[in-house]
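>>> Here's a sequence, model it:
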Amino acid sequence: MSAYTAAIELGADMLEADVRLSRDGRLILLHDSTVDRTTDGRGEVGDFTWSQLRQLDGGSWFAAEFAGERVPCLDELFDLADAAGVRLCLEAKGESDDARTVVAVAVASALVERRRLECDVLASFDHGALATAAGTTPGLCTAPERLPERGQLNPSDLVAQARRIGAEIIQHHHADLVGKSVDAVHEAGMELWVWPTTSPEDIARAVALGADGLMGGDVLAMKDTLSSLRPAPGLGHDDRHSTR
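Numbers count the residues shown, from 1 in each chain. Sure thing, here's the model as predicted:
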């Protein structure tokens with residue numbers, strides 16, 4: 001939670017978080033499928049109950065000053081976002097199609113319950129999971145990650161991926177982005193978000209190509225670069241590149 005709080009204080013207007021399920025069905029925030037890398041525990045995330053996950057030290061791996069930092073749950077992030085007035089991009093994670101679908105549907109339901117359906121976005125590399133969640137939750141905004149993740153892709157294929165599941169946004173790695181892709185997405189009435197735009201050079205290039213949103217781990221770099229570029233896209237904080 002310290003990373004999310006710091007990102008807000010630095011000026012991010014959107015936070016990205018990876019969502020998984022604990023063994024007892026709690027929506028928790030963790031990128032990896034195991035707790036090994038970022039906590040003092042060992043094992044698959046799905047083998048731990050929420051109370052067991054809460055006992056783990058999730059901060060010492062990063063720096064001594066964060067010793068005792070706990071694995072957060074989605075409700076905590078909702079509370080922070082409500083208080084700060086920021087939006088969320090929540091990525092459904094899981095080790096199988098079924099697992100990701102369960103997470104996606106559960107997150108969509110949570111957005112309805114927390115009355116955040118109109119401001120938050122559900123993302124995933126699993127387009128089928130997003131489609132299922134959208135089918136169960138009218139009004140859900142989805143932002144699939146383009147497939148394949150890297151390499152060149154025909155602009156029409158990029159648009160087709162988003163259209164296939166009724167998405168309003170498609171995410172794209174900045175290094176493979178070309179102007180024709182941005183134009184095609186805009187002509188289709190959708191937005192294109194790029195990641196991980198962390199260096200000033202990458203941020204400036206993405207803006208020049210017409211990206212609608214930037215996702216990266218260095219909020220100050222994004223803020224400072226955007227301040228010199230007008231008009232500028234939204235400023236987001238991507239936990240993939242700074243909180244783990």
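>>> pLDDT weak spots in this protein?
230-244 (pLDDT under 70).
>>> Centre-most residue in it?
Glu16 (3.4 Å; C-alpha atoms, centre = their mean).
>>> ok so that one is a helix residue?
No - secondary structure of Glu16 (DSSP: H, G, I helix; E, B strand; the rest coil): strand, not part of a helix.
>>> Now do the strands in the protein.
Assigned by DSSP state E, the strands in the chain fall at 14-21, 27-29, 87-92, 121-124, 142-144, 169-173, 191-195, 213-216, 234-238.
>>> Tell me the strands beside the third one, with direction?
Each strand paired with strand 87-92, and its direction, by DSSP bridges: strand 14-21 (parallel), strand 121-124 (parallel).
>>> Quick one: residues in contact with that strand.
The contact list for strand 87-92, computed with C-beta atoms under 8 Å, 6 or more residues apart in numbering, reads 13-19, 74, 77-78, 81, 100-101, 103-104, 107, 111, 116, 119-124, 126, 129-130, 133, 143, 215, 236. Every C-beta, even on glycine, is put in place using the N, C-alpha and C of the backbone.
>>> ok, and what's touching stretch 30-47?
Here stretch 30-47 makes contact (C-beta under 8 Å, 6+ apart) with 18, 20-23, 28, 48, 53, 56-58, 60-62, 71, 93, 95, 99, 239-240, 244.
>>> Can I get the strands of the chain in JSON lines including distance to Ala184?
Listed next are the strands of the chain as JSON lines, based on distance: least, C-beta to C-beta, whole Å:
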{"stretch": "strand 14-21", "distance to Ala184": "24"}
{"stretch": "strand 27-29", "distance to Ala184": "33"}
{"stretch": "strand 87-92", "distance to Ala184": "22"}
{"stretch": "strand 121-124", "distance to Ala184": "20"}
{"stretch": "strand 142-144", "distance to Ala184": "15"}
{"stretch": "strand 169-173", "distance to Ala184": "10"}
{"stretch": "strand 191-195", "distance to Ala184": "9"}
{"stretch": "strand 213-216", "distance to Ala184": "17"}
{"stretch": "strand 234-238", "distance to Ala184": "20"}
